[in-house]
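**Student:** Structure for the following, please:
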Amino acid sequence: MKNEQYYLKVSRYSDLEDKNERILYRFLEMLTGLISWSILILAILCSYFYPLLAASAIVIYAVYWFLRSIYFSVHLRSGYAKMKKVEKIDWLGKLDNTNIYHLIIIPTYDESEKILRNTIQSIAKNDYPLNKMILVLAFEERAGEAAIQKANILKKEFEGVFFRVLTTFHPKDIPGEIAGKSSNEAWATKIAKKEVIDKLNIPYENVVLTSLDSDTIVYPKYFSRLTYLYLTVDNPTRSSFQPVPLYINNIWEASPVSRIFAFSSTFWHTINQERPEKLVTFSSHSMSFKALLDIDFKQTNVVSEDSRVFWQCFLKYDGDYKTVPMYYPVSMDANAAPTFIQTVANIYKQTRRWAYGVENVPYFIFGFIKNKKIPMSKKIPMLIEMIEGRVSWAVAPTLIFLLGWLPFFLGKEEFSETVASHSLPLVLSRILTFAMIGLIGSAYLSILLLPPRPLEYSRSKVLVFLFQWVLVPFTMIFFSALPALDAQTRLMLGKYMGFWPTPKFRRNVA
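**Tutor:** This next block holds a predicted model:
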């Protein structure tokens, strides 16, 4: 007999047994890509055949985008202010007890020993009792002898610092798995459950799991802040907890394109802290260990596991699941490489992998169809937000900065003689000029987020950090919209992606 919630473990249409369900799921895989491509093609065709209609639609969309940027700007400043306030509070002093254990999983493939050590040291500097922390360094078997050596060195170095330190090695070539962060984490978590949590009879409700990318620097009050939220939020076992990722670890040595990408990502996640009803887990995050067991651990055959685990829990609990904003930072690496060409290639690949979270669109729509217990009042807003957000990611910059001028160039002769043909470039340029003024605030905020300046960099480099924001239109098209459209197209055509681990590069690692 088929499990009632079999849809929780679906990763692609071929996982389904029923022919009609496979057809439906395959269509849902194609849906976002079809919408994005239809909008772009329609913009081109209308610019030629119906230029007045195209011009009007593009101006309306540009105005909408401008108003939306104001809305986001307000949330960005509010989110930043709350984050700075939360950083100053003594969260440990607010705790009545510290009976909560923290299971910390750090999946790694080929990161250097020094980068891993920096991450572990940052955890060790937290104010929460270290004898309540279970640290798991999750290596890949396919990384070979180098991984074994790193594991032995780091375990010996930190074994007496935390309550327990485990090193695990995820076997290679397990059938049905995608080699990557999700499968590695699932393997490591099962071992920690067996060797520590179950062996010591620690109640699952008293364990909070934190998944950290290997380059994550945890700020000193992270675990006390997390524990406070876990003990005070309504229904903590049905909640995930999302910090603000600041991509600033190596920001001084990163290229301007990399810095724009890093700060843009940081700002976006700060904005999302202000929209908890739309907040989904991303990258480094925390959740109840009990919830993870209820969904039978993370899926091992998906690329976007950090957001997929939220949707699994949301469907498992019939919509009674949420992500709680922590308003507390962790810092991570900006995407950098030894050469500029490698850097831009890595930025493109990383954005494409993030954008491949579009694989969650068919997953949650199919789950919404199958789960009748989730109220429509929750389904419809989340559906609109998810699809609109993914489509805007892929098409908005291209429409506004490139295709917005097409009616002027492609419009027939009768259009070129109209007032609209002469007004379109002027209206668009005015809208974009006002929008660009908002970048001044972003530039100022990026300076506030900078870590201390290394001695080898002069004060004048701060000016480069300010003027780099003129690259925003370029980066939005080539390192945001195009990789997003690429990811959607791959899913639409059934060219499924594997997990691509972002190489970590720092010239200056202590």
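**Student:** Spell out, range by range, the strands that occur in the stretch 1-150 of the chain.
**Tutor:** Along the stretch 1-150 of the chain, the stretches classed as strands by DSSP state E, counting those that start in this stretch are 101-107, 133-140.
**Student:** same question, the chain
**Tutor:** 101-107, 133-140, 164-170, 207-211, 217-218, 239-247, 285-288, 322-332 (DSSP state E).
**Student:** Arg430 is nearest to which of the strands of the stretch 1-150 of the chain?
**Tutor:** Relative to Arg430, the nearest member of the strands of the stretch 1-150 of the chain by CB to CB is strand 101-107, separated by 48.0 Å. Placement of C-beta: from N, CA and C, glycine included.
**Student:** Report all helices and strands that the closest one contacts.
**Tutor:** helix 113-124, strand 133-140, helix 181-192, strand 207-211, helix 222-232 (3 or more CB pairs under 8 Å, 6 or more residues apart in numbering; DSSP states H and E).
**Student:** Could you export those as a markdown table, including distance to Leu493 and mean pLDDT?
**Tutor:** Converted to a markdown table, the helices and strands packed on strand 101-107 look like this (distance: least, CB to CB, whole Å; pLDDT from 0 to 100):
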| stretch | distance to Leu493 | mean pLDDT |
| --- | --- | --- |
| helix 113-124 | 36 | 95 |
| strand 133-140 | 29 | 96 |
| helix 181-192 | 23 | 91 |
| strand 207-211 | 31 | 96 |
| helix 222-232 | 41 | 97 |
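**Student:** Reformat the ones you listed as TSV; add distance to Thr32 and mean neighbour count.
**Tutor:** As requested, the helices and strands packed on strand 101-107 are exported to TSV (distance: least, CB to CB, whole Å; neighbours: other CB atoms under 10 Å):
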stretch	distance to Thr32	mean neighbour count
helix 113-124	34	18
strand 133-140	31	24
helix 181-192	21	23
strand 207-211	26	25
helix 222-232	33	22
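**Student:** Figure out which of these is closest to Ser78.
**Tutor:** helix 222-232 (18.5 Å).
**Student:** Against which helices or strands is the closest one packed?
**Tutor:** strand 101-107, strand 207-211, strand 239-247, strand 322-332.
**Student:** With distance to Leu402 added, can I get those in a markdown table?
**Tutor:** Shown next, in a markdown table, are the helices and strands packed on helix 222-232 (distance: least, CB to CB, whole Å):
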| stretch | distance to Leu402 |
| --- | --- |
| strand 101-107 | 38 |
| strand 207-211 | 38 |
| strand 239-247 | 27 |
| strand 322-332 | 31 |
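**Student:** Just the buried positions in stretch 199-216, please.
**Tutor:** Ile202, Tyr204, Val207, Val208, Leu209, Thr210, Ser211, Leu212, Asp213, Ser214, Asp215, Thr216 (16 or more other CB atoms under 10 Å).
**Student:** how close does the fourth one get to Val136?
**Tutor:** By that I understand Val208. Applying CB to CB, to the nearest Å, the value for Val208 to Val136 is 14 Å.
**Student:** what residues are shared contacts of the two?
**Tutor:** Leu103 (CB atoms under 8 Å, 6 or more residues apart in numbering).
**Student:** Give me the domain ranges for the protein.
**Tutor:** For the chain, automatic domain parsing gives the domain ranges 1-88+339-510, 90-338.
**Student:** Go through those and pick out the most buried.
**Tutor:** domain 90-338 (a mean of 20; mean count of other CB atoms under 10 Å).
**Student:** what's the distance between it and the middle of its chain?
**Tutor:** Its chain's C-alpha centre and that of domain 90-338 lie 13 Å apart, by CA atoms, centre = their mean, to the nearest Å.
**Student:** that older thread, okay if I get the helices and strands packed on strand 101-107 as TSV plus distance to Leu445?
**Tutor:** Output for these, formatted as TSV (distance: least, CB to CB, whole Å):
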stretch	distance to Leu445
helix 113-124	23
strand 133-140	33
helix 181-192	30
strand 207-211	27
helix 222-232	22
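**Student:** Where among the domains of the chain is average confidence lowest?
**Tutor:** Of all the domains of the chain, the minimum mean pLDDT falls on domain 1-88+339-510 (a mean of 84).
**Student:** ok, back up a step: looking at the strands of the chain, spot the one closest to Glu87.
**Tutor:** strand 322-332 (6.8 Å).
**Student:** That closest one packs against which elements?
**Tutor:** helix 51-87, strand 217-218, helix 222-232, strand 239-247, helix 256-273.
**Student:** now the strands of the stretch 1-150 of the chain as JSON lines including distance to Ile174?
**Tutor:** Compiled in JSON lines, the strands of the stretch 1-150 of the chain are given as follows (distance: least, CB to CB, whole Å):
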{"stretch": "strand 101-107", "distance to Ile174": "15"}
{"stretch": "strand 133-140", "distance to Ile174": "11"}
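**Student:** Out of the ones you listed, which is closest to Val358?
**Tutor:** Val358 lies closest to strand 101-107 among the strands of the stretch 1-150 of the chain, at 22.6 Å (CB to CB).
**Student:** In the sheet, which strands lie alongside the closest one, parallel or antiparallel?
**Tutor:** strand 133-140 (parallel), strand 207-211 (parallel) (DSSP bridges).
**Student:** which one of the buried residues of stretch 199-216 sits closest to Val74?
**Tutor:** Checking those against Val74 with CB to CB, the nearest one is Thr216 at 28.4 Å.
**Student:** For the closest one, grab phi and psi.
**Tutor:** phi -80, psi 130 (degrees, to the nearest 10).
**Student:** Thought His285 was touching it, still the case?
**Tutor:** No. Using CB atoms under 8 Å, Thr216 is not in contact with His285; the gap is 10.5 Å.
**Student:** so what's Pro245 up against?
**Tutor:** Ser265, Thr266, His269, Phe282, Ser283, Ser284, Pro329, Val330, Ser331, Met332.
**Student:** Report the separation between the residue lying closest to Lys85 once chain neighbours are set aside and Ala336.
**Tutor:** Leaving aside its chain neighbours, Lys85 sits nearest to Tyr327 (7.8 Å; criterion: CB to CB, 6 or more residues apart in numbering). Applying CB to CB, the value for Tyr327 to Ala336 is 27 Å.
**Student:** what do you get for Trp187?
**Tutor:** 29 Å.
**Student:** Please apply the same query to Pro454.
**Tutor:** 14 Å.
**Student:** got it, and Tyr321?
**Tutor:** Tyr321 is 35 Å from Ala336, by CB to CB.
**Student:** swap in Leu212?
**Tutor:** From Leu212 to Ala336 the distance is 19 Å (CB to CB).
**Student:** and if you look at Ala43?
**Tutor:** With CB to CB as the criterion, Ala43 and Ala336 are 35 Å apart.
**Student:** Ok, Ser240 next?
**Tutor:** In terms of CB to CB, Ser240 sits 29 Å off from Ala336.
**Student:** next one: Ala143
**Tutor:** 22 Å.
**Student:** rewinding a little: distance to Arg352 for the strands of the chain - can I get that in a markdown table?
**Tutor:** Converted to a markdown table, the strands of the chain look like this (distance: least, CB to CB, whole Å):
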| stretch | distance to Arg352 |
| --- | --- |
| strand 101-107 | 20 |
| strand 133-140 | 22 |
| strand 164-170 | 24 |
| strand 207-211 | 21 |
| strand 217-218 | 25 |
| strand 239-247 | 17 |
| strand 285-288 | 21 |
| strand 322-332 | 18 |
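**Student:** do you know which of those strands lies nearest Lys495?
**Tutor:** strand 133-140 (24.4 Å).
**Student:** show me the contacts for Thr216.
**Tutor:** Ile106, Thr119, Ser122, Ser284, Val330, Ser331, Met332.
**Student:** List the residues that contact the second one.
**Tutor:** It refers to Thr119. Ile106, Leu212, Ser214, Asp215, Thr216, Ile217, Val218.
**Student:** now with 6 Å?
**Tutor:** Going by CB atoms under 6 Å, 6 or more residues apart in numbering, Thr119 touches Thr216.
**Student:** follow-up on the earlier one: right, and the residue nearest to Lys85 touches Ala81 too?
**Tutor:** No. At 9.5 Å, Tyr327 does not count as touching Ala81 under the criterion of CB atoms under 6 Å.
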